[in-house]
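# My questions are about this predicted structure, shown below with the sequence.
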Amino acid sequence: MSEESPPLTNPGGGRPRPYRHVLCVYPYRRELKELGFLPPLGLEHIASIIEPFASEVEIVDLRREPCHAADFIKSSTDLVCFSVNWDREIKFVAGEISSIDPGITLIAGGRHATEAPDQWMEQIPCLDAVVRGDGEETMSEICSQAPWEQISGLSFRRGERIIHNPNRAPGPIPDRLQPCRSRRRQKYDVQLKGLGTGLEVDMLSGSRGCPFNCTFCSFNRNPWGVKRKWTARSPESVVDELESISAPVVAFTDDLFTHDMSRVEHICDLLLKRGIKKKYVINARLEIARHPEGIRKMEQAGFAVLLLGIESAHDKTLKAMRKGFTTRQIRRYCDVLKKSTMIKHGYFILGNIGESEDEMLQTAPFAREIGMDSISLSTLRNSPYSGLDELVAQTPGYHISPKGKIYSDHCPPKKLRKLRRRLYRDFYSTRQVLKLTNKFRKHGVLKLLPGIAWNLATHRVRQPLKR
């Protein structure tokens, strides 16, 4: 890149578009836990921002392509954007970015790039800039020819220097925010072990942020530690997007879809009024049980799966996590949720600080007792600004691995893996699998059943819907 920002011209008014061909790349080969159906929604949001400024926008998902990013470069390519979200396949991702001709403007964004802009720019000399945090407004300003020195949330190169502009404050999620689905090169269906189930799934972002402050969670803060307030799109804009989606199953990426139950009920009313018939997967908190009428309306509107962060079967851990409820409250909430036809999927953490092996082994019986239909077991992981690093430092016998995983002397990583397999075998009895299968049958998701059976048999861990 030259020492001046790229010469851009705003589109419209008969003037030429500033970009001829823009390539947006999701640079990973492997799936997160091999689920295999989640589209790169954040990258598609960026593509929709760029589209009015470009003659052609192309989205490439390397999980679905046998070739490399450089193979999609054209003589007209003048901007390439990479979505760098995860701290995995680092060498491969860096190689893909480095393969792009230095004469093309090259920008990276995403959570991992945001956390370590210096690392990526020092490692890859041809990388012109890193967009830190939410990228929609920043990319809009770049495309609108704003001087790079004036764009908040941008780190960029000036000769031998790397300049970090001030952080961009998280703003409200706009109603117009929709992914550029028209640029997908393939449909996304549930795939397990590389085999498609034929069930097409899509994703939608209806809100951002979470009002709670769980100590282990970094998603309620932006990647530089600033608390992200909960903001939401209007019910009308959410339902308009749902109506435009062809997939029969839609997973919401919202950290907490059910924060405002009056809004949820409004969405349900619109879905029912318009006759939109799909199945929806959402992140929720147990407090949804306080709204039995809202739950019934959600069932009528097609909400099928509740992803519930329970995390532990012990009050001391829940208190340390600042979860906001006790095991007694969990049981009371779940007595209400047991009456719902929705599938209850519980997230639990193994290796919580201060829990013994015997206490961890109580997870599966507790999950069955409170009526969970399925569970995920993850290990505790330290993320920037979560505060867990300080807690580990204050707790003798606990450690953080180079990849951020937390373990203890009495439960090292190998033992935690064995515990997880044991708990899955304990929870997913034949009776439990049949119960879950019957629930999916009632929801009409028959095409997913072979995949579910395989997933349960091999005890795969399902992950939160974060992208």
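Nice, I can see it.
# what is residue 26 paired to in the beta sheet?
residue 61 (DSSP bridges).
# isn't it right up against residue 83?
Yes - under the criterion of C-beta atoms under 8 Å, residue 26 makes contact with residue 83 at 5.2 Å. Placement of C-beta: from N, CA and C, glycine included.
# between those two, what contacts are shared?
Residues touching both residue 26 and residue 83 (C-beta atoms under 8 Å, 6 or more residues apart in numbering) are 40, 43.
# The two: which has the busier surroundings?
Between residue 26 and residue 83, counted using other C-beta atoms under 10 Å, the more crowded position is residue 83 (28 against 24).
# Would you quantify the distance from the more buried one to residue 131?
Between residue 83 and residue 131 the computed distance is 10 Å (C-beta to C-beta, to the nearest Å).
# so where is the stretch 101-250 of the chain shaky, pLDDT-wise?
191-197, 216-227 (pLDDT under 70).
# which residues of it fall in strands?
105-109, 129-131, 154-158, 161-164, 189-192, 195-204, 207-208, 231-232, 249-252 (DSSP state E, counting those that start in this stretch).
# can you check the stretch 251-400 of the chain too?
279-284, 303-311, 343-350, 374-379, 398-400.
# Note down every partner strand of the fourth one and its orientation.
Using DSSP bridges, the neighbouring strands of strand 374-379 in the sheet come out as strand 343-350 (parallel).
# Run the chain-centre distance for the strand it pairs with.
16 Å (C-alpha atoms, centre = their mean, to the nearest Å).
# What residues of it count as buried?
By neighbour count, and taking 16 or more other C-beta atoms under 10 Å as the criterion, the buried residues in strand 343-350 are 343, 344, 345, 346, 347, 348, 349, 350.
# Could you pull up the residues touching residue 356?
Residue 356 touches residue 410, counting by C-beta under 8 Å, 6+ apart.
# Tell me the pLDDT of it.
With respect to pLDDT, residue 356 has a value of 94.
# Now it: phi and psi?
phi -80, psi 170 (degrees, to the nearest 10).
# Quick check, residue 236 in contact with residue 270.
Yes - using C-beta under 8 Å, residue 236 makes contact with residue 270 at a distance of 6.8 Å.
# quick one: the helix or strand hosting residue 433 to strand 374-379, angle?
Assigned by DSSP states H and E, residue 433 belongs to helix 430-442. For helix 430-442 against strand 374-379, the angle by axes from the mean of the first three to the mean of the last three C-alpha atoms, to 10 degrees is 120 degrees.
# partners of residue 379 in the sheet?
residue 350.
# thought it was touching residue 353?
No - Residue 379 is beyond contact range of residue 353, at 11.9 Å (criterion: C-beta under 8 Å).
# can you list residues touching both of the two?
With C-beta under 8 Å, 6+ apart as the test, residue 379 and residue 353 both reach residue 406.
# which residue ranges form the helices in the stretch 101-250 of the chain?
Assigned by DSSP state H, counting those that start in this stretch, the stretch 101-250 of the chain shows helices spanning 111-115, 117-123, 136-143, 235-244.
# Residues contacting the last one, please?
Outside helix 235-244, the residues that touch it by C-beta under 8 Å, 6+ apart are 175-176, 178, 204, 206, 250, 263, 266-267, 270-271, 274, 276, 278.
# helices or strands up against the helix holding residue 433?
strand 343-350, helix 449-458 (3 or more C-beta pairs under 8 Å, 6 or more residues apart in numbering; DSSP states H and E).
# Now the first one - C-alpha only, CSV.
Once side chains and other backbone atoms are set aside, the C-alpha atoms of strand 343-350 remain, and they are given as CSV (Å, rounded to 0.1, in the frame of the first residue of the first chain):
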residue,chain,number,x,y,z
ILE,A,343,-35.6,-28.9,23.3
LYS,A,344,-33.5,-27.9,26.3
HIS,A,345,-29.8,-28.0,25.6
GLY,A,346,-27.6,-27.3,28.7
TYR,A,347,-24.0,-26.0,28.6
PHE,A,348,-21.8,-27.1,31.5
ILE,A,349,-18.1,-26.4,32.2
LEU,A,350,-15.7,-29.1,33.5
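# can you give me the angle that strand makes with strand 279-284?
When the same axes, to 10 degrees is applied, the directions of strand 343-350 and strand 279-284 differ by 40 degrees.
# out of everything not next to it in sequence, what's closest to residue 367?
residue 375 (5.0 Å; C-beta to C-beta, 6 or more residues apart in numbering).
# Could you do residue 228 as well?
Nearest to residue 228 is residue 209, by C-beta to C-beta, 6+ apart, at 4.0 Å.
# again with residue 164
Residue 164 sits nearest to residue 155 (C-beta to C-beta, 6+ apart), 4.7 Å away.
# gap between the one you found and residue 435?
Counting by C-beta to C-beta, the gap from residue 155 to residue 435 is 50 Å.
# So for those two, which sits in the more crowded spot?
Neighbours were counted for residue 155 and for residue 435 using other C-beta under 10 Å; residue 155 has more, 22 against 12.
# bridging residues for the more buried one?
Beta-bridge partners of residue 155, as defined by DSSP bridges: residue 130, residue 164.
# Hmm, it is touching residue 162, no?
Yes - using C-beta under 8 Å, residue 155 makes contact with residue 162 at a distance of 6.3 Å.
# hey, what's in contact with both of the two?
117, 118, 121.
# Just put those in TSV and tack on distance to residue 411 and neighbour count.
What follows is the shared contacts of residue 155 and residue 162, written out as TSV (distance: C-beta to C-beta, whole Å; neighbours: other C-beta atoms under 10 Å):
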residue	distance to residue 411	neighbour count
117	35	23
118	35	11
121	38	21
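# Closest one of those residues to residue 337?
residue 117 (42.4 Å; C-beta to C-beta).
# For the stretch 301-450 of the chain, give me the ranges with low pLDDT.
385, 445-450.
# at 80 instead, please
383-387, 403, 444-450 (pLDDT under 80).
# Next up, the contacts around the residue nearest to residue 293 when sequence neighbours are not counted.
Leaving aside its sequence neighbours, residue 293 sits nearest to residue 265 (C-beta to C-beta, 6+ apart; 7.9 Å). Residues in contact with residue 265 (C-beta under 8 Å, 6+ apart) are 293, 294, 297.
# Can you flag which of those belong to helices?
293, 294, 297 (DSSP state H).
# need the contact list for the last one.
Counting by C-beta under 8 Å, 6+ apart, residue 297 touches 265, 268, 269, 272.
# can we see that at 6 Å?
By C-beta atoms under 6 Å, 6 or more residues apart in numbering, residue 297 lies in contact with 265, 268.
# circling back: got the strands of the stretch 251-400 of the chain as TSV, with distance to residue 317 columns?
As requested, these are exported to TSV (distance: least, C-beta to C-beta, whole Å):
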stretch	distance to residue 317
strand 279-284	20
strand 303-311	7
strand 343-350	8
strand 374-379	14
strand 398-400	14
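# what about these, which gets the closest to residue 214?
Of the strands of the stretch 251-400 of the chain, nearest to residue 214 by C-beta to C-beta is strand 303-311, at 7.6 Å.
# neighbouring contacts of that closest one?
279-281, 283-284, 342-349, 443.
# Now do it against strand 343-350, angle only.
Going by the same axes, to 10 degrees, strand 303-311 makes 20 degrees with strand 343-350.
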